[in-house]
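A.B. asks: Dropping the sequence and predicted coords here.
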Amino acid sequence: MAFRFDPKPPLWMRGGHLETIGSALLSRPRDLTAQQGGLPLQASWRRHRIELEDGDFFDMDVMGDPDSHTHVTLFHGLEGSSHSHYATAFAVAAMARGWSIAVPHFRGCSGENNRLARAYHSGDVHDVQSMLRASQVNAQASRHLAIGVSLGGNALTLWACLQEESARQHIRAMAALGAPIDLASAGRAIQRGANQWIYTPMFLRTMRRKAREKAQLHPGTFDLHSVLRARTIEAFDDAFTAPLHGFQGVADYYARASAKPHLGQMAIPCLIVNAKNDPFVPWRNVKEGAQASAFVEFANPGHGGHVGYSHRQQWWDGRGSLLPMADAVLDWLNQRGS
């Protein structure tokens with residue numbers, strides 16, 4: 001089953017920036033499915049705190065029957081959470097199928113900063129492994145699937161590639177949406193044109209706040225002055241992400257954490273979706289030159305922006321415009337992960 005989905009955004013919301021921003025702000029379903037008694041979606045998540053062997057923790061939000069046949073683990077994007085619009089859409093779509101779903105939060109992304117002198121990053125494969133294990137322990141399903149969005153998509157893809165055949169012990173199939181699997185090209189793109197004025201300040205606002213808190217808890221582990229001076233994601237990664245996680249600067253981080261060079265090692269069905277009008281993840285850099293294994297399928301819809309994928313017919317009934325994309329991805333995972 002080849003992946004087929006053609007997002008059709010409303011005419012007033014066409015274009016990479018409008019589709020990205022409009023979906024994030026306006027596309028959330030108002031209520032969960034009837035199985036949850038019409039409760040507001042966010043009230044239906046059940047939070048679990050997972051204590052890690054290194055003394056840190058992450059929080060995981062779970063929804064659905066833990067005894068359901070199929071369980072989905074969703075890895076969020078940069079500064080995302082279970083409240084993100086795409087997490088909402090996938091939760092509704094999974095619940096409609098009678099599946100359970102979990103959103104493990106990368107360290108510091110659940111509303112409380114983590115304890116250690118580290119945070120999270122695009123190549124955090126060790127935490128991906130820990131999150132998958134925790135998600136599967138919580139849900140006694142017979143089939144496990146995984147989805148990664150943006151940063152979480154690269155981290156999940158890199159993990160699966162490095163695991164090779166043993167990835168099958170954890171998940172049957174996976175999908176990555178808007179994943180910057182070539183981190184250097186994405187880092188350059190988000191600094192160009194309107195991107196540096198639209199998206200960079202939004203991300204840096206919360207990232208700088210967390211860095212200040214981290215500097216108070218662990219003084220001297222990085223140069224806070226350089227972090228606060230950063231005006232680009234690349235500069236922030238060079239001053240904060242790289243030194244905190246053992247990389248020799250941002251170039252080393254982007255090179256070692258990118259999933260693209262490892263796609264030839266992918267040994268489970270993997271769908272990689274990047275819209276052609278994504279403002280800051282250039283789809284050509286993701287796809288072209290990739291020495292991918294036969295398990296990898298690329299999909300490049302003409303619309304969608306960065307994880308926007310709006311579908312106009314869903315705007316008027318409160319179901320949320322990302323549901324058609326979520327349904328299409330889950331259909332692909334259901335078939336390929338059988």
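C.D. replies: The structure has been received and is ready for your questions.
A.B. asks: tell me the mean pLDDT over stretch 8-21?
C.D. replies: Averaged over stretch 8-21, pLDDT sits at 83.
A.B. asks: now the end-to-end length of that stretch.
C.D. replies: Its start and end residues considered, stretch 8-21 measures 16 Å (CA to CA, to the nearest Å).
A.B. asks: Give me the buried positions along it.
C.D. replies: Lys8, Pro9, Pro10, Met13, Arg14, Gly16, His17, Leu18, Glu19, Thr20, Ile21 (16 or more other CB atoms under 10 Å). The C-beta positions use only the backbone N, C-alpha and C, and glycine is treated the same way.
A.B. asks: mind giving me a markdown table with these and columns for distance to Trp159 and secondary structure?
C.D. replies: Below are the buried residues of stretch 8-21 laid out as a markdown table (distance: CB to CB, whole Å; DSSP: H, G, I helix; E, B strand; the rest coil):
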| residue | distance to Trp159 | secondary structure |
| --- | --- | --- |
| Lys8 | 33 | coil |
| Pro9 | 32 | coil |
| Pro10 | 36 | coil |
| Met13 | 34 | helix |
| Arg14 | 35 | coil |
| Gly16 | 28 | helix |
| His17 | 31 | helix |
| Leu18 | 33 | helix |
| Glu19 | 28 | helix |
| Thr20 | 26 | helix |
| Ile21 | 30 | helix |
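A.B. asks: For stretch 331-338, what does the pLDDT average out to?
C.D. replies: The average pLDDT within stretch 331-338 is 96.
A.B. asks: quick one: buried residues of it?
C.D. replies: Of the residues in stretch 331-338, Asp331, Trp332, Leu333, Asn334, Arg336, Gly337 count as buried by neighbour count, 16+ other CB under 10 Å.
A.B. asks: Return the distance of the helix or strand encompassing the third one from the chain's centre.
C.D. replies: Per DSSP states H and E: Leu333 is located in helix 323-336. Its chain's C-alpha centre lies 16 Å from the corresponding centre of helix 323-336 when counted by CA atoms, centre = their mean, to the nearest Å.
A.B. asks: Show me what that helix is packed against.
C.D. replies: The contact analysis (3 or more CB pairs under 8 Å, 6 or more residues apart in numbering; DSSP states H and E) places helix 323-336 against strand 70-75, helix 85-96, strand 143-149, strand 173-177, strand 270-273.
A.B. asks: give me that answer again for 6 Å
C.D. replies: helix 85-96, strand 173-177 (3 or more CB pairs under 6 Å, 6 or more residues apart in numbering; DSSP states H and E).
A.B. asks: Quick one: name whatever helix or strand follows the last one.
C.D. replies: In other words, strand 173-177. helix 183-189.
A.B. asks: Equivalent analysis for the longest one, please.
C.D. replies: Downstream of helix 85-96, the next assigned helix or strand under DSSP H and E is strand 100-104.
A.B. asks: what angle sits between that following strand and strand 70-75?
C.D. replies: Going by axes from the mean of the first three to the mean of the last three CA atoms, to 10 degrees, strand 100-104 is angled at 20 degrees with respect to strand 70-75.
A.B. asks: Name the residues that touch strand 100-104?
C.D. replies: The contact list for strand 100-104, computed with CB atoms under 6 Å, 6 or more residues apart in numbering, reads 58, 60-65, 68, 71-74, 82, 87, 91, 94, 131, 135, 139.
A.B. asks: so what's Val103 closest to, chain neighbours aside?
C.D. replies: Distance criterion CB to CB, 6 or more residues apart in numbering; nearest residue to Val103, sequence neighbours excluded, is Ser82 at 4.0 Å.
A.B. asks: what's near enough to touch that neighbour?
C.D. replies: By CB under 6 Å, 6+ apart, the neighbours of Ser82 are Trp45, Asp61, Val103.
A.B. asks: just to revisit the earlier point, export the helix holding Leu333 as PDB, just CAs?
C.D. replies: What follows is helix 323-336, C-alpha atoms only, in PDB (Å, rounded to 0.1, in the frame of the first residue of the first chain):
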ATOM      1  CA  LEU A 323      -7.700  14.500  10.900                       C
ATOM      2  CA  PRO A 324      -7.600  13.400   7.200                       C
ATOM      3  CA  MET A 325      -3.700  13.300   7.400                       C
ATOM      4  CA  ALA A 326      -3.800  11.500  10.700                       C
ATOM      5  CA  ASP A 327      -6.200   8.900   9.300                       C
ATOM      6  CA  ALA A 328      -4.100   8.400   6.200                       C
ATOM      7  CA  VAL A 329      -0.900   7.900   8.200                       C
ATOM      8  CA  LEU A 330      -2.600   5.500  10.600                       C
ATOM      9  CA  ASP A 331      -4.100   3.600   7.600                       C
ATOM     10  CA  TRP A 332      -0.600   3.200   6.200                       C
ATOM     11  CA  LEU A 333       0.800   2.100   9.500                       C
ATOM     12  CA  ASN A 334      -2.000  -0.300  10.000                       C
ATOM     13  CA  GLN A 335      -1.400  -2.000   6.600                       C
ATOM     14  CA  ARG A 336       2.400  -2.000   6.700                       C
END
